[in-house]
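A.B. asks: what follows is a protein structure lacking sequence information:
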């Protein structure tokens, strides 16, 4: 059903359609904002774990370092208390919410009585786990070249022998795979199939922990052999606390938290040098260009944007902007808005677009982000997106 004019009030059918479109539109998966880690040789060598969303000076390790993940912590604590660790876990959730911290904390709780009893410890053993120097706790990250997936030889020559002979020093061993969906993607199934045999025939006292933002990109047979533990996006209040701890000025918090989508790593990166405000300003520039509807200008803008190193972040910002426009057009609670500080702009755009067209733009941006993840040509994809808006 179409609106009768740009300022027509939304009907019940229009509101229902817009809400369905808005809710069904997938959010684009965001690439990590932190720079890629330097290559580690060999692939199984211990590496420095990524910082958890806590004070960077903190050297303690344990479940007490996790923020706003009570459900996940309860599951893992219960497994330790009953000595019923699963042979494989899948930690599912966004980056920057504590998955790797939880994996290391689980290893510490199993290997260190103090960490298990108090939930935090700074003993030499826990320090070795935290810094990647314990022989029975290995962190295996994606490679830095190509599609970053692990080669099958790495699994056969490094990972499987470790799983066969560990533990070497302690009473248990852990293999942790940050970005497991990158290391073992469905389109490169050779390494995953090599790993699968070990998961199907688990060895006692060796635990695999796969961390994933997109578990749907893992083989179903891998997922089915892991106990899934869900990690939630961090609440705005927790992100505000983290930004304050890191000395981020208060005026930069709102935009960074809005774009972070519950991720501490993203919030900190966006607050650096006012990146969040610049991304929002660029999104408003795109919206103005689309409103002007000059094809030549839109093609030039698409060419410019295609060269951006923050294209994924920009699409996320633009998507949130039009999501806000749809919410305003539907007269939703202002508390759901990502950019309440730009209510005046949102109201003007809502009056022009209406809820359905705004929701359709949210869905179109998500589809473009998905196409880019599948290696679509950025300029061509952006040409189609912007011209489609106009």
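C.D. replies: Good, I have the coordinates. As the structure is a prediction and not an experimental result, all values here were calculated from the model. Numbers count the residues shown, from 1 in each chain.

A.B. asks: hey, where'd the helices end up in the stretch 51-200 of the chain?
C.D. replies: Listed in chain order, the helices of the stretch 51-200 of the chain (DSSP state H, counting those that start in this stretch) span 70-81, 99-111, 113-118, 124-130, 152-154, 160-165, 180-183, 189-200.

A.B. asks: then the stretch 251-390 of the chain?
C.D. replies: 253-260, 264-271, 275-292, 295-305, 311-329, 343-373, 378-389.

A.B. asks: that older thread, quick one: which of the helices of the stretch 51-200 of the chain is nearest residue 245?
C.D. replies: Taking Cβ to Cβ, helix 99-111 is the member of the helices of the stretch 51-200 of the chain nearest to residue 245, at 15.2 Å. All C-beta atoms are positioned from the backbone trio N, CA, C, and that covers glycine.

A.B. asks: now the angle from that closest one to helix 70-81?
C.D. replies: Put simply, helix 99-111 runs at 20 degrees to helix 70-81, going by axes from the mean of the first three to the mean of the last three Cα atoms, to 10 degrees.

A.B. asks: right, so of the helices of the stretch 51-200 of the chain, which gets closest to residue 262?
C.D. replies: helix 99-111 (12.7 Å).

A.B. asks: so what does that closest one touch, helix or strand wise?
C.D. replies: Judged by 3 or more Cβ pairs under 8 Å, 6 or more residues apart in numbering; DSSP states H and E, the packing partners of helix 99-111 are helix 70-81, strand 88-92, helix 113-118, helix 124-130, strand 137-139, strand 173-177, strand 206-212.

A.B. asks: repeat that with 7 Å
C.D. replies: helix 70-81, strand 88-92, helix 113-118, helix 124-130, strand 206-212 (3 or more Cβ pairs under 7 Å, 6 or more residues apart in numbering; DSSP states H and E).

A.B. asks: okay if I get these as TSV plus distance to residue 193?
C.D. replies: Formatted as TSV, the helices and strands packed on helix 99-111 follow (distance: least, Cβ to Cβ, whole Å):
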stretch	distance to residue 193
helix 70-81	28
strand 88-92	15
helix 113-118	35
helix 124-130	30
strand 206-212	15
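
A.B. asks: would CSV of the ones you listed with mean pLDDT be doable?
C.D. replies: Formatted as CSV, the helices and strands packed on helix 99-111 follow (pLDDT from 0 to 100):
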stretch, mean pLDDT
helix 70-81, 96
strand 88-92, 97
helix 113-118, 92
helix 124-130, 95
strand 206-212, 97
